[in-house]
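In: Just need the structure, nothing else, for what follows:
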Amino acid sequence: MLVAADSGTDFPLQGIIWTILLFFGLALVVWLLITVLTDVFRRDGLSTVERVAWTVGVFFFPILGSLVYLATRGHDVGATQVSTDSYQRSVTGDGQYHGLRDEAAEHRAMSGPVRPA
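Out: Reported below is the predicted structural model:
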């Protein structure tokens with residue numbers, strides 16, 4: 001007699017599907033933790049006690065702590081990222097590729113006429 005509960009061992013695709021779901025669920029939780037913790041430590045308006053409290057809450061209750069953080073302080077989570085992006089753009093320049101040919105042509109133009117030997 002074959003019972004439906006026993007048929008899971010005869011169907012290996014079911015185990016693969018559950019493994020994939022668990023793997024992506026774990027990846028989602030890790031991503032959520034990294035996002036929340038980077039925002040906690042980049043935010044200027046939090047005191048040390050609040051940072052410690054959020055960090056402990058997120059570590060002991062990962063999903064619940066992260067969701068509570070995003071619900072209470074999530075309205076400007078990306079604001080620190082935008083300010084970091086503008087700083088990087090101001091430091092690194094216009095973001096255009098200046099290859100060796102451009103640099104060589106620029107140096108030749110600045111060197112003036114070449115005297116024959």
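
In: mean confidence score for stretch 76-92?
Out: Across stretch 76-92, the average pLDDT comes to 69.

In: Equivalent analysis for stretch 47-63, please.
Out: 92.

In: Report the buried residues of that stretch.
Out: By 16 or more other CB atoms under 10 Å, the buried positions in stretch 47-63 come out as 54, 57, 58. From N, CA and C alone the C-beta is placed, and that goes for glycine too.

In: Repeat that for stretch 18-33.
Out: So, applying 16+ other CB under 10 Å, buried residues of stretch 18-33: 32, 33.

In: send the alpha carbons of that stretch over as PDB?
Out: Output in PDB follows, covering the C-alpha atoms of stretch 18-33 (Å, rounded to 0.1, in the frame of the first residue of the first chain):
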ATOM      1  CA  TRP A  18      12.700  22.500  -1.400                       C
ATOM      2  CA  THR A  19      16.400  22.900  -1.400                       C
ATOM      3  CA  ILE A  20      16.300  25.600  -4.000                       C
ATOM      4  CA  LEU A  21      13.500  27.400  -2.000                       C
ATOM      5  CA  LEU A  22      15.500  27.200   1.200                       C
ATOM      6  CA  PHE A  23      18.600  28.400  -0.500                       C
ATOM      7  CA  PHE A  24      17.000  31.500  -1.900                       C
ATOM      8  CA  GLY A  25      15.100  32.100   1.300                       C
ATOM      9  CA  LEU A  26      18.400  32.100   3.200                       C
ATOM     10  CA  ALA A  27      20.000  34.400   0.600                       C
ATOM     11  CA  LEU A  28      17.000  36.800   1.000                       C
ATOM     12  CA  VAL A  29      17.500  36.800   4.800                       C
ATOM     13  CA  VAL A  30      21.200  37.500   4.500                       C
ATOM     14  CA  TRP A  31      20.600  40.300   2.000                       C
ATOM     15  CA  LEU A  32      18.000  41.800   4.300                       C
ATOM     16  CA  LEU A  33      20.400  41.700   7.300                       C
END
